[in-house]
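Asker: this one's structure only:
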Ligand code: NAP
Ligand code: ZN
């Protein structure tokens, strides 16, 4: 076993602190990766604070991992030492169910093996994420980071990038569509960039009026500050598509009113349960949907799409020693627009 420095939450809501995990020596189909950068997703915070229920502690969060391959198993042909690779939200799945066969491993019917706060295929061994110096992953669940893109800005593509790309492509967003992104955070700012690259006319809806300039700089065509309740009346029926990335409870009904006839609102944000009025959907044949990250093939497609369009995340790079402060700032919607941990800071400590 490979003793590996990490940062963990010992119990729900405990501040993250130095910890050590054991990584397995690479088996025939495994790749050992030295981690360079790991993004800080709001899902890390929800789970480290026990907000979803059933969490496994101690927890080493982190599922936006970029690093270098340092060793490969005897059967691995796809990767070699020195390759720049990524690992996203899951590290294995059953590979046999309909979802896995369709390339939708994130919806594995037997349960995908999440990168942390999960278990390996043996159903016992806990998984530990990217707030650590290295990780051993089966070759099939490793992504290629395209040449020439900044690695700190690439890390958030592994979750924020794919979580916004997947529903936009799945629900067929196309050039000229009127699209709203709700919440300009880690997911939201990638949603703006990707939707623009797909040709949509993008409006940001934000509860932070101070983000207007950033939204326009990131490529949005318009910005609506949602603190003024009158904007919901004024913009009723305006959008074909709404991508809701908000991490805290808010009234879905108010946003659904902004959809045109046959419009679709997709939830990717995961706040506490929120009531829904049937009338809001029925009047206008509106659709409310959800979407979870994306499959391996689609994640590679997203990475190549982002590289081709020059898209990476706007990041604030931090040493791991600042992780608890970064959590506080993220919860206050005060991040521009993704914290990324420079894992060199963990090697030095
Ligand atoms: P984030 O960076 O914290 O962004 C969330 C944004 O939501 C904030 O920047 C803020 O935008 C808005 N917001 C926060 N509190 C609000 C409030 N009280 N009222 C209205 N708006 C508020 O988080 P993230 O990493 O993008 O993640 C967003 C959500 O997606 C989280 O719940 C996360 O767990 C979930 N997630 C889901 C998936 C999936 O596969 N479905 C994948 C990753 C993450 P403004 O300041 O612009 O209002
Ligand atoms: Zn995430």
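Answerer: On my side now, so go ahead. Predicted model only: the values in this text are computed from it and were never measured. Ligands and ions are numbered 1, 2, ... in the order given.
Asker: residue of the stretch 101-250 of the chain nearest ligand 2, please.
Answerer: residue 159 (3.2 Å; CB to the ion). C-beta: built from backbone N, CA, C; applies to glycine.
Asker: how near is residue 88 to residue 219?
Answerer: Residue 88 sits 24 Å away from residue 219 when distances are taken as CB to CB, to the nearest Å.
Asker: neighbour count winner among these two?
Answerer: residue 88 (28 against 16; other CB atoms under 10 Å).
Asker: can you give the domain ranges for this structure?
Answerer: According to automatic domain parsing, the chain is divided into the following domains: 2-159+294-348, 163-290.
Asker: want to throw these into JSON lines with mean pLDDT?
Answerer: Rendered in JSON lines, the data for the domains of the chain read as follows (pLDDT from 0 to 100):
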{"stretch": "domain 2-159+294-348", "mean pLDDT": "98"}
{"stretch": "domain 163-290", "mean pLDDT": "97"}
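Asker: distance to ligand 1 added to these, as CSV?
Answerer: Shown next, in CSV, are the domains of the chain (distance: least, CB to the nearest ligand atom, whole Å):
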stretch, distance to ligand 1
domain 2-159+294-348, 3
domain 163-290, 2
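Asker: test my guess that residue 274 contacts residue 252.
Answerer: Yes. Taking contact to mean CB atoms under 8 Å, the distance of 5.4 Å between residue 274 and residue 252 places them in contact.
Asker: show me what contacts residue 104?
Answerer: Neighbour list for residue 104: residue 295 [criterion: CB atoms under 8 Å, 6 or more residues apart in numbering].
Asker: distance of it relative to residue 198?
Answerer: Counting by CB to CB, the gap from residue 104 to residue 198 is 20 Å.
Asker: quick one, phi/psi of the residue in the stretch 1-150 of the chain that ligand 2 sits nearest to?
Answerer: Evaluated by CB to the ion, the stretch 1-150 of the chain has residue 41 as its residue closest to ligand 2, separated by 2.9 Å. In this entry, residue 41 is assigned phi and psi values of phi -90, psi 150 (degrees, to the nearest 10).
Asker: does it really touch residue 162, like I thought?
Answerer: No. At 11.4 Å, residue 41 does not count as touching residue 162 under the criterion of CB under 8 Å.
Asker: those two: which is more packed in?
Answerer: When residue 41 and residue 162 are compared for neighbours, residue 162 comes out ahead with 30 against 27, by other CB under 10 Å.
Asker: how about that one, secondary structure?
Answerer: Three-state secondary structure (criterion: DSSP: H, G, I helix; E, B strand; the rest coil) places residue 162 in helix.
Asker: who's in contact with residue 312?
Answerer: Shown here is residue 312, whose contacts under the criterion CB under 8 Å, 6+ apart are 149, 150, 153, 154, 156, 157, 306.
Asker: rerun that using 10 Å as the cut-off
Answerer: For residue 312, the contacting residues are 149-157, 161, 190, 193, 306, 338, taking CB atoms under 10 Å, 6 or more residues apart in numbering as the criterion.
Asker: again with residue 226
Answerer: For residue 226, the set of contacting residues under the criterion of CB under 10 Å, 6+ apart consists of 182-183, 204-209, 232, 235, 246, 250, 254-255.
Asker: secondary structure and neighbour count for those - can I get that in a markdown table?
Answerer: What follows is the contacts of residue 226, written out as a markdown table (DSSP: H, G, I helix; E, B strand; the rest coil; neighbours: other CB atoms under 10 Å):
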| residue | secondary structure | neighbour count |
| --- | --- | --- |
| 182 | strand | 26 |
| 183 | coil | 27 |
| 204 | strand | 28 |
| 205 | strand | 26 |
| 206 | strand | 24 |
| 207 | coil | 15 |
| 208 | coil | 18 |
| 209 | helix | 12 |
| 232 | helix | 17 |
| 235 | coil | 17 |
| 246 | coil | 26 |
| 250 | coil | 17 |
| 254 | helix | 15 |
| 255 | helix | 22 |
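Asker: as TSV, these with distance to residue 327 would be great.
Answerer: Formatted as TSV, the entries for the contacts of residue 226 read as follows, by distance: CB to CB, whole Å:
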residue	distance to residue 327
182	22
183	17
204	24
205	24
206	21
207	19
208	18
209	24
232	31
235	33
246	17
250	21
254	28
255	26
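Asker: show me the helices in the stretch 101-250 of the chain, by range?
Answerer: If you assign secondary structure with DSSP state H, counting those that start in this stretch, the helices in the stretch 101-250 of the chain sit at 151-154, 160-170, 186-197, 212-217, 230-234.
Asker: buried deepest among those helices, which one?
Answerer: Per residue and on average, the most neighbours among these fall to helix 186-197, with a mean of 27 (mean count of other CB atoms under 10 Å).
Asker: by contact count, what packs against that helix?
Answerer: Using 3 or more CB pairs under 10 Å, 6 or more residues apart in numbering; DSSP states H and E as the contact criterion, the neighbours of helix 186-197 among helices and strands are helix 42-48, helix 160-170, strand 178-182, strand 201-206, helix 212-217, strand 239-244, helix 296-308, strand 338-342.
Asker: distance from stretch 297-316 to the middle of the chain?
Answerer: Using CA atoms, centre = their mean, to the nearest Å, the distance from the centre of stretch 297-316 to the centre of the chain it belongs to is 12 Å.
Asker: so does that stretch get close to ligand 2?
Answerer: No. Using CB under 5 Å from the ion as the criterion, no contacts between stretch 297-316 and ligand 2 are found, and the smallest distance is 11.9 Å.
Asker: end to end, how far does that stretch reach?
Answerer: 28 Å (CA to CA, to the nearest Å).
Asker: would you indicate which residues of it are buried?
Answerer: Along stretch 297-316, the positions that meet the burial threshold by neighbour count (16 or more other CB atoms under 10 Å) are 298-303, 305-307, 311-316.
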